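> Sequence plus predicted model, see below.
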Amino acid sequence: MTTLARTLVDTCPTGGPGPPAGELRRLVALSARGDEAAFELIYDAVAGPVYGVALRTLRSPVHAEEVVQEVLFEVWRTAAAYRPERGSVMAWVLTVAHRRAVDRVRSARAAAERDHRVASREPAAGDPPDVEAVRSLDRLRVRSALGGLSGVQREAVVLAYYGGYSQREIARLLDVPLGTVKSRIRDGLTRLRAAFASDSDQSRTGAVPAGPVSGRAHGTGGER
């Protein structure tokens, strides 16, 4: 393991949450105006969690380190595009990290398949169009379903399932009561399940999707 990897492991979520959500929002706003000192503080706060997300997906410390660099560069470059109403800074960064890591897995898999075809002199042949269409649909369903959650539900789900944080750590990170975090995750997962069930029903009947779930979830009482 490299020195950078050891440093990043030491700051992974198991070591406890970093600065409060409000402080990270302030630092991002400063970074958007070119404040390098503020960005260094953001780097210190999120590099460990980003490394943890990347390592769980890639299983390679070297590739995980590279993803950390890519993600933090994207954070610096797009800081002005961050919107607090869409979720916390940590949720935003970890979503970027998960996307980058998954893209790298797909790229590596495609490269390996190409190398195998060349070595065995097999003609290039992709998946049948219907299989590729299903894969694309699955990716779109996940994005659509997450987009249908309220901002507070989405950030709680992202922090729990992409970031690997416990509910207690999320409560501290977002500076909200533990019961509120539990409710947001529970309600968010309920709406995700409903969205996927709706998509499955529409696929069987051939109905045209009505778009992401909006408004208040049944029995959840809306945002908390």
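Everything's here; your move. Note that the structure is predicted; figures quoted are calculated from it, not measured. Residues are numbered from 1 along each chain as shown.

> Tell me, how many residues neighbour Glu40?
Neighbour count for Glu40, taken as other C-beta atoms under 10 Å: 12. Quick note: C-beta positions are derived from backbone N, CA and C, even for glycine.

> from here on, count from 639
Yep, numbering from 639; the last one is Glu678 now.

> and it, what element?
helix 674-696 (DSSP states H and E).

> Tell me how far the residue lying closest to Asp813 once chain neighbours are set aside lies from Leu812.
Counting by C-beta to C-beta, 6 or more residues apart in numbering, Pro658 is the residue found nearest to Asp813 once chain neighbours are left out, at 5.1 Å. Going from Pro658 to Leu812 by C-beta to C-beta, to the nearest Å gives 8 Å.

> Please apply the same query to Phe677.
22 Å.

> Please apply the same query to Glu703.
Between Glu703 and Leu812 the computed distance is 28 Å (C-beta to C-beta).

> And for Thr695?
Where Leu812 is concerned, Thr695 sits at a distance of 24 Å (C-beta to C-beta).

> likewise Leu830?
For Leu830, the distance to Leu812 - C-beta to C-beta - is 19 Å.

> Comparing the two, which residue is more hemmed in?
The neighbour comparison of Leu830 against Leu812 (other C-beta under 10 Å) goes to Leu812, with 24 against 21.

> Now that that one has come up, it's in contact with Val819, right?
Yes. The criterion here is C-beta atoms under 8 Å, and Leu812 meets it with Val819 at 7.0 Å.

> which neighbours do these two share?
Common contact partners of Leu812 and Val819 (C-beta atoms under 8 Å, 6 or more residues apart in numbering): Ala794.

> From Arg781, how far off is the closest residue to Ala729 other than its chain neighbours?
Leaving aside its chain neighbours, Ala729 sits nearest to Glu793 (3.7 Å; criterion: C-beta to C-beta, 6+ apart). With the distance defined as C-beta to C-beta, Glu793 ends up 15 Å from Arg781.

> neighbours around Arg664, how many?
For Arg664, the neighbour count with other C-beta under 10 Å is 15.

> show me what contacts it?
Residues in contact with Arg664 (C-beta under 8 Å, 6+ apart) are Ala676.

> what secondary structure does it sit in?
helix (DSSP: H, G, I helix; E, B strand; the rest coil).

> quick one: pLDDT of it?
As summarised for this prediction, Arg664 has a pLDDT of 93.

> Repeat that for Asp673.
Here, the pLDDT recorded for Asp673 equals 93.

> When Glu793 and Arg781 are compared, which one has more neighbours?
With neighbours defined as other C-beta under 10 Å, Glu793 and Arg781 compare such that Glu793 has more, 27 against 12.

> Report how many residues lie close to the residue lying closest to Leu693 once chain neighbours are set aside.
In space, Leu693 comes closest to Ala702 once its chain neighbours are excluded; the distance is 4.1 Å by C-beta to C-beta, 6+ apart. When counting by other C-beta under 10 Å, one arrives at 25 neighbours for Ala702.

> how about Ala702, phi and psi?
Main-chain dihedrals, Ala702, degrees, to the nearest 10: phi -60, psi -40.

> what does Arg721 give?
Torsion angles, degrees, to the nearest 10, at Arg721: phi -120, psi 110.

> Count the neighbours of it for me.
By other C-beta under 10 Å, 8 other residues sit near Arg721.

> Need the residues that contact the one helix or strand Val790 maps to.
Using DSSP H and E, Val790 maps to helix 789-799. Residues from elsewhere that reach helix 789-799, judged by C-beta under 8 Å, 6+ apart: 723-726, 728-729, 732-733, 784-785, 787, 803, 805, 808, 811-812, 819, 822-823, 825-827, 829-830, 861-862.

> No further queries at this time; thank you.
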